[in-house]
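>>> quick one, what's the 3D model for this:
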Amino acid sequence: MQKQLFLFFLMLISFFSGFGQDNLLTIQQAVESAFTRNAELQQMISRLEQKQNIWHTETGISAPEVSYFKEGTGNGPGDIFDEKRVTISQEIDFPLTALYRLKGISEEVKAIEYQILSREKEIKAEVKSKYVEVMYALYLQKSRENQMKLAQDLYNAVYTKFETGMGNGIENCITRRAARNPT
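Residues are numbered from 1 along each chain as shown. Have a look, this model is predicted:
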């Protein structure tokens, strides 16, 4: 997974580096992008939202239930054996039960919040580490390009000196070798 993350950021930074300094991906942008794209973190955030909203249903007061009963022979209107009943019932928990239940939910919410903070810090550390590696690779690439350019310039100078008769062939061989394989 770390290789994939590293390659992703390498491609991302190399893509943005072609557009100039204004479009370079900053560490903060990389961290925010990692937060929004991390599935595990997003699942934890949605679970937190669910736990924060569950207290509405855990108050200890159930929804009222309405029942309608009709009994009897029902031969016609006004039959003395017809009986109709409408009942409304609702259950209410003991107050301490609801209090302890809500306290438990709030503790679960705090625990999930701490898990999210922990995961965010882990992601931030990973992204910063990979970002530094990518920036170092880009710096090293630019340094190697400069080294190649300097070696080529040195070779051209020595070759020009050799052509004018002021240099010898040994200097020319050494600089040609350095221009081909700078270390």
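
>>> against residue 65, how distant is the residue nearest in space to the middle of the chain?
In the chain, the residue lying closest to the centroid (CA atoms, centre = their mean) is residue 35, at 2.3 Å. Distance check for residue 35 against residue 65: by CB to CB, to the nearest Å, it reads 45 Å. (Each C-beta comes from the backbone N, C-alpha and C, glycine too.)

>>> tell me which strands and helices the helix ranked longest in the chain is in contact with?
Longest helix in the chain, counting residues (DSSP state H): helix 95-163. Packing contacts for helix 95-163, counted by 3 or more CB pairs under 8 Å, 6 or more residues apart in numbering; DSSP states H and E, involve helix 2-17, helix 27-37, helix 39-53, helix 169-180.

>>> ok and that helix relative to helix 39-53, angle-wise?
Between helix 95-163 and helix 39-53, the angle comes out at 160 degrees (axes from the mean of the first three to the mean of the last three CA atoms, to 10 degrees).

>>> now helix 95-163: how far from the chain's centre is it?
Computed by CA atoms, centre = their mean, to the nearest Å, the chain-centroid distance of helix 95-163 equals 13 Å.

>>> what pLDDT, on average, does it get?
Across helix 95-163, the average pLDDT comes to 90.

>>> repeat for stretch 46-60
Mean per-residue pLDDT for stretch 46-60: 86.

>>> which parts of that stretch are buried?
48, 51, 60 (16 or more other CB atoms under 10 Å).

>>> okay, it in PDB with CA atoms only?
Output in PDB follows, covering the C-alpha atoms of stretch 46-60 (Å, rounded to 0.1, in the frame of the first residue of the first chain):
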ATOM      1  CA  SER A  46     -20.000   8.200   8.900                       C
ATOM      2  CA  ARG A  47     -20.100   5.900  11.900                       C
ATOM      3  CA  LEU A  48     -19.500   8.900  14.200                       C
ATOM      4  CA  GLU A  49     -22.400  10.800  12.500                       C
ATOM      5  CA  GLN A  50     -24.700   7.800  13.100                       C
ATOM      6  CA  LYS A  51     -23.700   7.600  16.700                       C
ATOM      7  CA  GLN A  52     -24.200  11.300  17.200                       C
ATOM      8  CA  ASN A  53     -27.700  11.100  15.800                       C
ATOM      9  CA  ILE A  54     -28.800   7.900  17.600                       C
ATOM     10  CA  TRP A  55     -29.600   9.600  20.800                       C
ATOM     11  CA  HIS A  56     -32.900  10.800  19.400                       C
ATOM     12  CA  THR A  57     -34.200   7.200  19.400                       C
ATOM     13  CA  GLU A  58     -32.500   6.200  22.700                       C
ATOM     14  CA  THR A  59     -34.400   8.600  25.000                       C
ATOM     15  CA  GLY A  60     -36.400   5.900  26.700                       C
END
